[in-house]
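1. below are the sequence and a predicted model for it; my questions follow.
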Amino acid sequence: MRSICVFLFLLLPASLCAAPFDRFEGTYTGEAEFTFEGQTQRRDMSTTIKATKTGFTLVWTSVSYKDDGRSKAKTYQISFVPSARENIYTSAMKTNVFGKEVPLDPLKGEPFVWAKLEGDTLSVFSLYIDETGDYEIQEFHRTLVAEGLDLKFHLFKKGAPQKEIRTLLRRKD
C-alpha cells in the first residue's frame, strides 16, 4: 500500500506541491520616492511573506504622505494556493459554498488576484473592472537580492502605464 501511495504522489503535477517560498519568508521594509501626475510623492512600504503548507501568505502595507502632513496607511493580506498551472498561484480571498477558498469576482467590482513564481521573482497581479467595464491592473514584482527584496510596482489603466514605483525593501528578520 505504501508503495502505491508513493507512486501516486510522484504522479502529482509539481504545481500541486508547495513551492520554495521559505526563501522569501520574512519581513521587509523600505521607502520610495516617485513622481505621479507631476508631483513627487513619498511612501513607506513593508512586506511580510510567510510560507504555508501549500503556498504562501502575503501582507503588505503602504503609507502615503500628503503635503499638509497627513498620512494614509493601507494594509492588505492575501493567501495564495497552487493553481492547476505550474508556478501560478490563485488567491484564496473568500470561501465558496463548498468550503473551498477561491479568488474574488472582478465582475462584481472585486479584485481578481493571482501570483507567479519565476526564479527569484515573486509577482502578484490584481485586476479591477469598474462599473463601466474599464480595467486597471496592478503588478508587484518582488525579486530576492542580497539586501532583501527589489520591489517594482506598475499601475496600468486601460493598458496605459499610470504609475511606477521602484525601491529596495530591506530584510528585517
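-> Good, I have the coordinates.
2. run through the protein and note the low-pLDDT ranges.
-> The chain contains residues with pLDDT under 70 at 1-19.
3. quick one: the helices in it, in order.
-> Using DSSP state H, the helices assigned to the chain run over residues 2-11.
4. bridged to the most centrally placed residue in it, which residues?
-> In the chain, the centroid-proximal residue (CA atoms, centre = their mean) is Val124; its distance is 3.4 Å. For Val124, the beta-bridge partners are Ala115, Phe140 (DSSP bridges).
5. what sits against the closest residue to Val113 other than its chain neighbours?
-> Spatial nearest neighbour of Val113, excluding adjacent residues (CB to CB, 6 or more residues apart in numbering): Ser91 at 4.0 Å. (Each C-beta comes from the backbone N, C-alpha and C, glycine too.) By CB atoms under 8 Å, 6 or more residues apart in numbering, the residues touching Ser91 are Ile78, Ser79, Phe80, Pro103, Leu104, Phe112, Val113, Trp114, Ala115.
6. surely the last one and Ser79 touch.
-> No. Checked against CB atoms under 8 Å, the pair Ala115 and Ser79 is beyond contact range at 10.3 Å.
7. of those two, which one has the most company?
-> Ala115 (23 against 18; other CB atoms under 10 Å).
8. measure the more buried one to Val145 for me?
-> For Ala115, the distance to Val145 equals 19 Å [CB to CB, to the nearest Å].
9. what of Gly109?
-> 36 Å.
10. can I get stretch 71-79 in CSV? Just the C-alpha atoms.
-> Output of stretch 71-79 as CSV, limited to C-alpha atoms (Å, rounded to 0.1, in the frame of the first residue of the first chain):
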residue,chain,number,x,y,z
SER,A,71,-0.7,60.2,6.1
LYS,A,72,-2.8,57.3,5.0
ALA,A,73,-1.9,53.6,5.6
LYS,A,74,-3.3,50.7,3.6
THR,A,75,-2.7,47.1,4.5
TYR,A,76,-3.6,44.0,2.5
GLN,A,77,-3.3,40.3,3.4
ILE,A,78,-3.9,37.6,0.8
SER,A,79,-3.2,33.8,0.9
